[in-house]
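A.B. asks: predicted structure and sequence below. I'll ask about it afterward.
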2 protein chains.
Amino acid sequence: MAKAIPSRSENYSEWYNELIKRADLAENSAVRGCMVIKPYGFSIWEKMQRALDDMFKETGHTNAYFPLFIPKSYLSKEASHVEGFAKECAVVTHYRLKNAEDGSGVIVDPEAKLEEELIVRPTSETVIWSTYKNWIQSYRDLPLLINQWANVVRWEMRTRIFLRTAEFLWQEGHTAHATADEAMAETRQMLDVYARFAEEWMAVPVLKGAKTPNERFAGADDTLCIEAMMQDGKALQAGTSHFLGQNFAKAFDVQFLNKQNQLEYVWGTSWGVSTRLMGALIMAHSDDSGLVLPPKLAPIQVVIVPIYRSEEQLEQLSDKLKPLVQQLRKAGISVKYDDSDANKPGWKFAEYELRGVPVRLAMGGRDLENNTIELARRDTKTKETVPFDGLVERIQALLDDIQQNIYQKALQFRQENTFRVDTFEQFQEQIEKGGFLLAHWDGTSETEEAIKEATKATIRCIPFDQEPEEGTCVFSGKPSKGRVVFARAY
Amino acid sequence: MAKAIPSRSENYSEWYNELIKRADLAENSAVRGCMVIKPYGFSIWEKMQRALDDMFKETGHTNAYFPLFIPKSYLSKEASHVEGFAKECAVVTHYRLKNAEDGSGVIVDPEAKLEEELIVRPTSETVIWSTYKNWIQSYRDLPLLINQWANVVRWEMRTRIFLRTAEFLWQEGHTAHATADEAMAETRQMLDVYARFAEEWMAVPVLKGAKTPNERFAGADDTLCIEAMMQDGKALQAGTSHFLGQNFAKAFDVQFLNKQNQLEYVWGTSWGVSTRLMGALIMAHSDDSGLVLPPKLAPIQVVIVPIYRSEEQLEQLSDKLKPLVQQLRKAGISVKYDDSDANKPGWKFAEYELRGVPVRLAMGGRDLENNTIELARRDTKTKETVPFDGLVERIQALLDDIQQNIYQKALQFRQENTFRVDTFEQFQEQIEKGGFLLAHWDGTSETEEAIKEATKATIRCIPFDQEPEEGTCVFSGKPSKGRVVFARAY
Ligand SMILES: [Zn+2]
Ligand SMILES: [Zn+2]
């Protein structure tokens, strides 16, 4: 067996990288900053997609598909939008290769230069609003509730698998509404969908709140977000939902006739989550032995390993275990039956631990005699011998229990690592140890930036569920009406 | 109501374009050759994806994701591959925009030029085989059975929605095997999967066969394909499955230790279907009133329209119809209940006809009295008044019947438009009328090209299920061992 992965306390960052590699989740490709999502990693992403897609459809959205390429002039139409994305764009300038005349190989054909350069979409507001212009004439065409699953490209200089990659996969919702209130309700609704997904599926508790103007999406009037805490105490923004006001409608001249037969600009929202969620999932729950996956997103929920000394014994065990596999599958549980003789049981146990399979069943000769089975759970790393009969119900209940337990553990961790700080000295001391700091802030960008400069902490959000509380800014001493959440972040 | 779409006999090409537009399937975007797939069109594509994905998984494949960008040097490694794709590549040369110094707007930053240009993938063999090199060491790592759902870009000069677009959506399977036989069996298996999908889901009969060397995929030793006949008698290649031999393994040095502990090059396959299938689906079945969709791929299978003269009557009808909606949904049937007062029943009938909803139910006051309902089927455009009781079973059976009927109709059309021709004069005469021509061919590329030059017909495939038959080439008079399928094609 290969050597163990580094422990979290030893080197959190290396632990993350090694875990992704060893659990076969993803790897860096030959193209700088672009990743290959391997089959095991992708099967987790597929489960996320399916659950999210169902939630989008339940809330009235349909999927569509818009072009990968955006004409440069489109990207430029909304001023703050282009400002936000221009520095990290992949630009297509030519449409053909040819053989070099000197026989040195294949080169870009200089005669095949595009009249207007195309940007590989970093996000699709511009191409979508240019399309919506033709789809929206009257209030009867609203609301327009569309989502797309797509790849996007942002030419980040410092990349990290899943957390920040040049190309990533995501969904982007883009909706159009007749009123500001309705658009704001949609913005909030989709944030709630994301929070529900994070908590109920990923078992990751999140804070919901608004970004400060500094941290808003380029082109939005308001950006809402969910923030999760990783095991090193750092924050990870897990999803954002933007209230776009009429900014893109004005940039692309999208107006509609209202019920009073007057022309008005349309109100917009956009919202997205990405393969970054994979990073959050890994970092929120996993331990020094490998992945810990919530059962609802685990590609394999139960692995069954027969422990045998002879072909004959394997056959006896299989006669007993294969009907169990069928019963579990019938109950909607995904099961792997691993009777391969290429590896020993100990190796298999370590391997499935590394891959985060929530429940492991092992059965040997003595179990066969006793009509028992060994049941191990990945989250607590405990095991017990249980009666063979009634296993399906036991496992169904156990999977629910594990899902809850993982969530509770993460929630408790966040609570233990959330601190109210009232002086900048406390702030500076605590931020070195990690965690969320609830502190008063005077509401200015200057103070926000000065704190970031001094501590590398940013305002993760102005939380929704905070009680109003008069106080003074932890940095400037000026008056404040409530605490905001500071943290160092991914 | 807007004017009718052009009829097929009047202008087949315009009929196709207008149908796509009027049924809200897709539209051209501002980026030349790139399409927007609209929600209704996309929901059909989603159903195709789901069915195909299930079939891939049943045959042991898993999904993964590989980068959008391919370094230019990778594309060049397999000689015939780059030859095939170089002429239609979107090339990324820069990674940043900036504000022009003269204030004229946003320009490409000349200082942000990539050292090596990146190609937007036209297909992923090169990037995938460069990755497989690290995944495959021994026969134990084989077979590797991976699929990816992705967007690809081929800078086609003449584009046509769904049939040939610069960007399109597809799946591409890429498998690696220890032996040529196993790779060939996989190539054939996936062709069979495609044929089954085309016939059982799309209700489109297909011919299975091999391409001539001329028409092979760039980099393949053998290309198998399924070919469908459209209503204008032209052929449409609906899916291809390639036996890659060891070509990509050699280009990317992918070797494995076999059971005898010897190094060997790996054998490969790739296979794909794309949003082109949407074009095939539309052109195979639809009529002058609009789309005709097979029930298995119809986003809405049954539409129910209450016909009322007063609010009170609407309520009576709703009391009767809403429980029916629930029962149909419970039976797994997708239903739309359209009681909106924005449009009259006649308008609704035409609209759902245009959109290809397989079954329409309409109920008015008299039906209410008689406990009956009007049932109309889209494929035959017939309607009848039937008892309200027992509707769920009746509709389940009807949907199956429609699925079969559409297939049989397409099959009969193909049979009526397939001709054995034995002289080149017959060939030339018949090809003008359309259809598949079964003719003897001498097996040379010269003859194949001469026939294409003279008639615009290509060899669609050397069909698998053809009886061996001695004969003489319809063009050259040289000996031939069997007939091949000629047609003009999309
Ligand atoms: Zn936040
Ligand atoms: Zn063919």
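C.D. replies: Yes, it's here. Ligands and ions are numbered 1, 2, ... in the order given.

A.B. asks: dump the residue contacts of the most centrally placed residue in chain A.
C.D. replies: Nearest residue to the geometric centre of chain A (C-alpha atoms, centre = their mean): A:Leu277, 1.5 Å. Contact analysis of A:Leu277 by C-beta atoms under 8 Å, 6 or more residues apart in numbering or on different chains lists A:48, A:198, A:202, A:238-239. Every C-beta, even on glycine, is put in place using the N, C-alpha and C of the backbone.

A.B. asks: got it, and A:Ala183?
C.D. replies: Taking C-beta under 8 Å, 6+ apart, one finds A:175, A:177, A:243-245, A:267-269 in contact with A:Ala183.

A.B. asks: quick check: A:Glu182 touching A:Tyr139?
C.D. replies: No: in this structure A:Glu182 lies outside contact range of A:Tyr139 using C-beta atoms under 8 Å: 10.9 Å.

A.B. asks: from chain B, how far out is A:Asp442?
C.D. replies: Distance of A:Asp442 to chain B, computed by C-beta to the nearest C-beta, to the nearest Å: 32 Å.

A.B. asks: do the same with A:Phe217
C.D. replies: Taken as C-beta to the nearest C-beta, the span from A:Phe217 to chain B is 18 Å.

A.B. asks: circling back to that earlier point, in helices only, show me the contacts of A:Ala183.
C.D. replies: If you go by DSSP state H, those have nothing in helices.

A.B. asks: out of those residues, flag the one nearest to chain B.
C.D. replies: A:Thr175 (12.4 Å; C-beta to the nearest C-beta).

A.B. asks: what sits against A:Asn147?
C.D. replies: A:53, A:56, A:61-64, A:171-174.

A.B. asks: with A:Val206 as the reference, measure out to it.
C.D. replies: Distance of A:Asn147 to A:Val206, computed by C-beta to C-beta, to the nearest Å: 20 Å.

A.B. asks: in chain A, what residue is nearest ligand 1?
C.D. replies: A:Cys461 (2.5 Å; C-beta to the ion).

A.B. asks: buried sites along the helix or strand that contains that residue?
C.D. replies: When elements are assigned from DSSP states H and E, A:Cys461 belongs to strand A:458-463. Neighbour-count burial for strand A:458-463, with 16 or more other C-beta atoms under 10 Å in any protein chain shown as criterion, is recorded at A:458-463.

A.B. asks: same check, this time on stretch A:210-221
C.D. replies: Of the residues in stretch A:210-221, those buried by neighbour count under the rule 16+ other C-beta under 10 Å are A:210-212, A:215-221.

A.B. asks: one more: stretch A:117-129?
C.D. replies: A:117-129.

A.B. asks: what would these look like in JSON lines with secondary structure, pLDDT and distance to B:Leu25?
C.D. replies: Below are the buried residues of stretch A:117-129 laid out as JSON lines (DSSP: H, G, I helix; E, B strand; the rest coil; pLDDT from 0 to 100; distance: C-beta to C-beta, whole Å):
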{"residue": "A:Glu117", "secondary structure": "strand", "pLDDT": "96", "distance to B:Leu25": "30"}
{"residue": "A:Leu118", "secondary structure": "strand", "pLDDT": "97", "distance to B:Leu25": "24"}
{"residue": "A:Ile119", "secondary structure": "strand", "pLDDT": "97", "distance to B:Leu25": "26"}
{"residue": "A:Val120", "secondary structure": "strand", "pLDDT": "98", "distance to B:Leu25": "25"}
{"residue": "A:Arg121", "secondary structure": "coil", "pLDDT": "97", "distance to B:Leu25": "22"}
{"residue": "A:Pro122", "secondary structure": "coil", "pLDDT": "97", "distance to B:Leu25": "28"}
{"residue": "A:Thr123", "secondary structure": "coil", "pLDDT": "97", "distance to B:Leu25": "25"}
{"residue": "A:Ser124", "secondary structure": "coil", "pLDDT": "97", "distance to B:Leu25": "20"}
{"residue": "A:Glu125", "secondary structure": "helix", "pLDDT": "97", "distance to B:Leu25": "24"}
{"residue": "A:Thr126", "secondary structure": "helix", "pLDDT": "96", "distance to B:Leu25": "23"}
{"residue": "A:Val127", "secondary structure": "helix", "pLDDT": "96", "distance to B:Leu25": "18"}
{"residue": "A:Ile128", "secondary structure": "helix", "pLDDT": "98", "distance to B:Leu25": "18"}
{"residue": "A:Trp129", "secondary structure": "helix", "pLDDT": "98", "distance to B:Leu25": "21"}
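
A.B. asks: right, and the helix or strand after the lowest-mean-pLDDT helix or strand in chain A?
C.D. replies: Scoring the helices and strands of chain A by mean pLDDT, DSSP states H and E places helix A:79-85 at the bottom, with a mean of 87. As assigned by DSSP H and E, the chain's next helix or strand after helix A:79-85 is strand A:91-94.
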